[in-house]
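> Prediction below, plus the sequence it came from.
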Amino acid sequence: MMDSLSRYSRDVWNLSLAGYVDRLREVLRAEPALATGVKRDGTTPLWWLPDDEAKAMEIVELLLAAGADPAVRSRDGGTAAGWARKRGMTEVARRLTVDGDTDAPAPRTVPDLPKYESLAQDLLFAFETGRPDSMARLMDQFGGQVTWEELRKIVRQRLDNLGEKRPEGYFALPHARQLIAQQAGFADWAALEAALSGAPVESPARSIVLPPAEPADVPVEMRTAFPMRLHDGTVVPTTTVWQMLAAARDGDLASVTALVDECPSLVLCDYNYMPPLHLAVREGHLAIVRFLAERGAVNPNHRTYPYDESLVMVAEDRGFTALRRFSKSTAGTPIPIVPLTKSERSTTAGIPSGSDSNSS
């Protein structure tokens, strides 16, 4: 499903992050200026690269050829080269480095095997208990600042990415060793042991850092294009789900329409038990509510979390009386939103009538 969506997307940010090289090439050939975009935090598409360094290098070359500027600095003063270096992508960082780059790292001693063994144990303890001393040693070694909850999410995501290389059973020392080895730039723990048994080798450590915080209110697990299965079995990127939710929240009918045209099942997506319809009702966006309802998005049994309210109650609490009444559903039939009449509004005790625009 994600591959099929990539054939139509023009979002160079998520195309870059997801590693869709061929589609990105098509988009940039038609509109090279898209490579020069800058987010509110000062980052460019050169920050948004997949974990696979070979694929990331292909994307970097496409973006640079289209006019992306590696010298651009983010709001906090960082560069794309510095961000790549923190992620352990030494070749990409080298390609993006420009004269005057102050992000270049100082040489540091490569830890020996016992040090990595200790880090694997720290990762195990940190994942299980959030032990402060273990968390501190991991962040000191790999850089970045993460909470216990964020660390657990990152670990789960990277375990999912291991595929057949994932050790069997619940998270234990073998799992921690595998992740530490890959974080340090090795294929697996055996490769790390072999490399450190002889002469010292360069070991580019991947930073335990979060994806670019753009915008700042996006949950960390929704900033990167991980596959997410909807209730009907359709799989979409988490970033697309968040775009749908944000558009419903912000009243952006054009974006909601475009997203649903690409993937009709997005009307059923949700995050933290909150579907697009909930957000549209909560913010009083009647046009979007109608659009979603006409496409089967209404669940008459839906209750908000954690307040256990119906969407009718959500609308009434905010004075959006035009959203108040839902008709009962029939199998396979979308549930329309029925605005209140003026007489109904005038006789609804204790409920603000709202503006006339809500009843149109």
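Everything's here; your move.
> And the helix or strand harbouring residue 245, what's buried?
Residue 245 belongs to helix 238-250 when assigned by DSSP states H and E. Within helix 238-250, the residues that count as buried by 16 or more other Cβ atoms under 10 Å are 238, 239, 240, 241, 242, 243, 244, 245, 246, 247, 248, 249. C-beta coordinates here come from the backbone N, C-alpha and C atoms, glycine included.
> Please list all residues in contact with residue 291.
By Cβ atoms under 8 Å, 6 or more residues apart in numbering, the residues touching residue 291 are 253, 256, 257, 260.
> same check, this time on residue 132
Applying Cβ under 8 Å, 6+ apart, no residues contact residue 132.
> swap in the one 3 residues further on?
The neighbours of residue 135, taking Cβ under 8 Å, 6+ apart as the test, are 122, 126, 146, 148, 151.
> For the stretch 201-350 of the chain, just list every one of the helices.
238-250, 253-262, 276-283, 286-293, 311-317, 342-346 (DSSP state H, counting those that start in this stretch).
> Determine which of those helices shows the lowest mean per-residue pLDDT.
If the helices of the stretch 201-350 of the chain are sorted by mean pLDDT, helix 342-346 sits at the bottom with a mean of 40.
> quick one: residue 39 is in a strand?
No - counting by DSSP: H, G, I helix; E, B strand; the rest coil, residue 39 falls outside a strand, being coil.
> what's the neighbour count on it?
Per other Cβ atoms under 10 Å, the neighbour tally for residue 39 reads 17.
> Relative to residue 46, how far out is it?
In this view, residue 39 and residue 46 are 11 Å apart by Cβ to Cβ, to the nearest Å.
> just residue 25 next, same as before
From residue 25 to residue 46 the distance is 16 Å (Cβ to Cβ).
> can you check residue 94 too?
14 Å.
> These two: who's more crowded?
Under the criterion of other Cβ under 10 Å, the comparison of residue 94 against residue 46 puts residue 46 first, with 25 against 12.
> What pLDDT is listed against the more buried one?
92.
> so what's it closest to, chain neighbours aside?
residue 80 (3.7 Å; Cβ to Cβ, 6 or more residues apart in numbering).
> Quick one: residues contacting the one you found.
43, 44, 46, 47, 70, 72, 96 are the contacts of residue 80 under Cβ under 8 Å, 6+ apart.
> isn't residue 303 right up against residue 313?
No - using Cβ atoms under 8 Å, residue 303 is not in contact with residue 313, being 9.4 Å away.
> Tally up the residues packed near the closest residue to residue 96 other than its chain neighbours, please.
Nearest residue to residue 96, sequence neighbours excluded (Cβ to Cβ, 6+ apart): residue 81, at 3.9 Å. Using other Cβ under 10 Å, residue 81 has 22 other residues around it.
> In a helix, residue 81, correct?
Yes - according to three-state DSSP, residue 81 belongs to a helix.
> Surely it and residue 70 touch.
Yes - Residue 81 lies in contact with residue 70 (Cβ under 8 Å); the separation is 6.4 Å.
> who's in contact with the residue lying closest to residue 267 once chain neighbours are set aside?
In space, residue 267 comes closest to residue 297 once its chain neighbours are excluded; the distance is 4.0 Å by Cβ to Cβ, 6+ apart. Residue 297 is in contact with 267, 268, 275, 276, 277, 334, counting by Cβ under 8 Å, 6+ apart.
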